[in-house]
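[1] Build me a structure from this.
(chains A and B)
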Number of protein chains: 2
Amino acid sequence: MDIIRTPADMQSRARAMRAEGKRIGFVPTMGYLHEGHLSLVRIAQEHADVVVVSIFVNPTQFAPGEDLDKYPRDFERDEQACRDAGADIIFYPSVDDIYAKDQSVYVEEEKLSCGLCGASRPGHFRGVTTIVAKLFNLVLPDVAVFGEKDAQQLRVIRRMVRDLDFPVKILSGPTVREPDGLAMSSRNAYLSCEERQQALCLRKALDCAETLYAEGEREPETVRKAMLEVINEASLARVDYVEIVDDETMKPAETLRRPTLVALAVFLGKTRLIDNTVLG
Amino acid sequence: MDIIRTPADMQSRARAMRAEGKRIGFVPTMGYLHEGHLSLVRIAQEHADVVVVSIFVNPTQFAPGEDLDKYPRDFERDEQACRDAGADIIFYPSVDDIYAKDQSVYVEEEKLSCGLCGASRPGHFRGVTTIVAKLFNLVLPDVAVFGEKDAQQLRVIRRMVRDLDFPVKILSGPTVREPDGLAMSSRNAYLSCEERQQALCLRKALDCAETLYAEGEREPETVRKAMLEVINEASLARVDYVEIVDDETMKPAETLRRPTLVALAVFLGKTRLIDNTVLG
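    Below is the predicted model:
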């Protein structure tokens, strides 16, 4: 497994692999890898000859006052995890090599990114689309794999690929969960013991939505209220949002009779966690 | 020479050429080709095995009220000109195939594009960067060639390539002029006989700037005033802007002791023409 540290080296290596006719699979990450990331590496392996994992804590996707500085990092552990998973290349650039001091070009998605996390985290998705566009141009992947836990991100990236015609196929991997149902996240490392226990309220709220839907409920507002009640039972939980949106437009759903994304963001103490499920 | 009409066909053809190890040269145009465009085709031929010319009157780079509807078009003539110039492929897509009805992703340059044409034509450069990003992803060029007549566009595109890491080398071709000095432009077709004659005031104003500079003048405002006087001698001319800016930052130049872009846009009747020169 090779570690590539500069954008120029990554792009010339990608060009060389392309010239050899190799299919490149790509898993972009912010590091502190868990089984969720590694499951994406395995999906990439099924669709490519060479798998590149990028590890880059991207400052432009953190809103002011967020956890950029304390975001967990452990490159040695990540390196070992990538090696064990059979990744071929880690792309591990520095912030200064990725962003020019006078960077002035950004990629903006203006519809799907407005609500949910986009509303709570100003500039977040502009940071995401811009870094992913840059990484696509550096890694030149045939396929890139994103986690379904970041539901809105996945939809925004798919839209970017469609609207800017990136020659990249986007695949997704299902959310990987701890045995008790908590979605794996690098940010779970922030949780105190008590917060970790109460963090189950996210999954419980989604279970509640799924149960109501299975029982025939089709009114989004009824489901939403029931979910809020579940979360409010957790004393350390503070709701950022609970949204039930049309899976295509990401606008508030008027009915559950079309494919619907149920997504939520909840603070446990200072730690903001997200999770989601799709109904219909 | 082949004519490719859909984005999907263009991208798969580009992938196939890449897989064969061919270097792709690209000249994006809005058609109604003149010798300026064809000179760019020749530059592309020097740097590539296959040259693709796109012909697409891009609606998103026209500001409201501009000349989108009457922009001159003559595909048959363009086709013959490309054939004569030895281009290999014309990419000639429809607006509906290029833009989804719910397109929501755009590329924005936020510094170099603010002044000059960007100030006069709201949204123009967002339209330019977005379509060029799309075309780069469809044509997959190794090199792309832009005309120096569109000085600000050239700088904005170079910045986009740098900031989004497009794997494309940008080359430029010098402005091609009519025998009397008027810069070639598809929009010259709009000019009445009298307007055509008075359109020389753009080149004359640039000549004036170059002469003053050669004589040792280093004060931008002195040069600018002299240029305005030259233009005001043309009774049908109405100045949109005459700007003297730092060639790197595109901000108003405080001195001519650094490389400086002298750029102007002038209306002759309803026709807006641009021209420029670089001092130092």
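[2] residue contacts, the closest residue to residue A:14 other than its chain neighbours?
    In this structure, residue A:14 finds its nearest non-sequential neighbour in residue A:140, 4.0 Å apart by C-beta to C-beta, 6 or more residues apart in numbering or on different chains. Where C-beta positions appear, they are placed from N, C-alpha and C, glycine not excepted. When contacts are counted by C-beta atoms under 8 Å, 6 or more residues apart in numbering or on different chains, residue A:140 touches A:11, A:14-15, A:17-18, A:24, B:167.
[3] do the same with residue A:42
    Applying C-beta under 8 Å, 6+ apart, we find residue A:42 in contact with residue A:85.
[4] the helices in the stretch 101-250 of chain A, which residues?
    A:116-120, A:124-139, A:151-164, A:193-198, A:200-214, A:220-232 (DSSP state H, counting those that start in this stretch).
[5] Dump the C-alpha coordinates for the longest one into PDB.
    Right, helix A:124-139. Extracted in PDB, the C-alpha atoms of helix A:124-139 (Å, rounded to 0.1, in the frame of the first residue of the first chain):
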ATOM      1  CA  HIS A 124     -20.900  22.900   5.100                       C
ATOM      2  CA  PHE A 125     -22.100  21.600   1.700                       C
ATOM      3  CA  ARG A 126     -20.200  24.200  -0.300                       C
ATOM      4  CA  GLY A 127     -17.100  22.800   1.500                       C
ATOM      5  CA  VAL A 128     -18.200  19.200   0.700                       C
ATOM      6  CA  THR A 129     -18.900  19.800  -3.000                       C
ATOM      7  CA  THR A 130     -15.700  21.800  -3.500                       C
ATOM      8  CA  ILE A 131     -13.400  19.300  -1.800                       C
ATOM      9  CA  VAL A 132     -15.100  16.300  -3.500                       C
ATOM     10  CA  ALA A 133     -14.800  18.000  -6.900                       C
ATOM     11  CA  LYS A 134     -11.100  18.600  -6.200                       C
ATOM     12  CA  LEU A 135     -10.600  15.000  -5.000                       C
ATOM     13  CA  PHE A 136     -12.300  13.600  -8.100                       C
ATOM     14  CA  ASN A 137     -10.000  15.700 -10.300                       C
ATOM     15  CA  LEU A 138      -6.900  14.500  -8.400                       C
ATOM     16  CA  VAL A 139      -7.900  10.800  -7.900                       C
END
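[6] Just give me how far it sits from the chain centre.
    13 Å (C-alpha atoms, centre = their mean, to the nearest Å).
[7] ditto for stretch A:220-227
    25 Å.
[8] before we move on, back to that, which of the helices of the stretch 101-250 of chain A sits most buried?
    Across the helices of the stretch 101-250 of chain A, averaging neighbours per residue (mean count of other C-beta atoms under 10 Å in any protein chain shown) puts helix A:124-139 on top, at a mean of 24.
[9] Give me the helices and strands touching it, please.
    helix A:7-19, strand A:24-29, strand A:50-55, strand A:89-91, strand A:105-109, helix A:116-120, helix A:151-164, helix B:151-164 (3 or more C-beta pairs under 8 Å, 6 or more residues apart in numbering or on different chains; DSSP states H and E).
[10] Could you give the average pLDDT over that helix?
    Mean pLDDT, computed over helix A:124-139, is 98.
[11] Might you enumerate the residues of the stretch 1-150 of chain A proximal to chain B?
    Where the stretch 1-150 of chain A comes near chain B, counting by C-beta under 8 Å from any C-beta of the partner chain, the residues are A:7, A:11, A:15, A:18-19, A:21, A:100, A:102-112, A:129-130, A:133-134, A:137-138, A:140.
[12] of these, buried ones?
    A:7, A:11, A:18, A:103-109, A:111-112, A:129-130, A:133-134, A:137-138, A:140 (16 or more other C-beta atoms under 10 Å in any protein chain shown).
[13] just to revisit the earlier point, of all the helices of the stretch 101-250 of chain A, which one is nearest residue A:183?
    Distance to residue A:183, taken as C-beta to C-beta, is lowest for helix A:200-214 among these, at 7.1 Å.
[14] So which other helices or strands are in contact with the closest one?
    Using 3+ C-beta pairs under 8 Å, 6+ apart, helix A:200-214 is in contact with helix A:220-232, strand A:237-246, strand A:260-268, strand A:271-279.
[15] how about these in JSON lines, adding mean pLDDT and distance to chain B?
    What follows is those, written out as JSON lines (pLDDT from 0 to 100; distance: least, C-beta to the nearest C-beta, whole Å):
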{"stretch": "helix A:220-232", "mean pLDDT": "98", "distance to chain B": "22"}
{"stretch": "strand A:237-246", "mean pLDDT": "98", "distance to chain B": "12"}
{"stretch": "strand A:260-268", "mean pLDDT": "98", "distance to chain B": "17"}
{"stretch": "strand A:271-279", "mean pLDDT": "98", "distance to chain B": "20"}
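[16] Tell me how many other residues surround residue A:49.
    With neighbours defined by other C-beta atoms under 10 Å in any protein chain shown, the count for residue A:49 comes to 14.
[17] got it, and residue A:77?
    Per other C-beta under 10 Å, the neighbour tally for residue A:77 reads 12.
[18] can you list the domain ranges for chain A.
    A:2-173, A:186-279 (automatic domain parsing).
[19] Throw the ones you listed into a markdown table and include distance to residue B:144, thanks.
    Compiled in a markdown table, the domains of chain A are given as follows (distance: least, C-beta to C-beta, whole Å):
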| stretch | distance to residue B:144 |
| --- | --- |
| domain A:2-173 | 14 |
| domain A:186-279 | 34 |
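[20] Would you pull up the residue in the stretch 151-280 of chain A closest to chain B?
    residue A:163 (3.7 Å; C-beta to the nearest C-beta).
[21] Looks like that residue contacts residue B:107 (just checking).
    No: Residue A:163 lies out of contact with residue B:107 (C-beta atoms under 8 Å); the separation is 9.9 Å.
[22] just to revisit the earlier point, for the residue nearest to residue A:14, give me phi and psi.
    Main-chain dihedrals, residue A:140, degrees, to the nearest 10: phi 50, psi 50.
[23] separation between it and residue A:232?
    Using C-beta to C-beta, to the nearest Å, one gets 48 Å for the distance from residue A:140 to residue A:232.
[24] do residue A:122 as well
    From residue A:122 over to residue A:232 the distance is 26 Å, taken as C-beta to C-beta.
[25] So which residue is dead centre in chain A?
    Centroid check for chain A by C-alpha atoms, centre = their mean gives residue A:150 as the closest residue, at 3.6 Å.
[26] and that residue, backbone torsions?
    Per degrees, to the nearest 10, the backbone of residue A:150 is at phi -90, psi 70.
[27] How far does stretch A:210-218 sit from its chain's centre?
    Its chain's C-alpha centre lies 27 Å from the corresponding centre of stretch A:210-218 when counted by C-alpha atoms, centre = their mean.
[28] any idea of the mean pLDDT in it?
    Here the average pLDDT along stretch A:210-218 is 98.
[29] And the closest residue to residue A:175 other than its chain neighbours, how far from chain B?
    Nearest residue to residue A:175 in three dimensions, chain neighbours excluded: residue A:149, at 4.2 Å (C-beta to C-beta, 6+ apart). Using C-beta to the nearest C-beta, to the nearest Å, residue A:149 is found at 22 Å from chain B.
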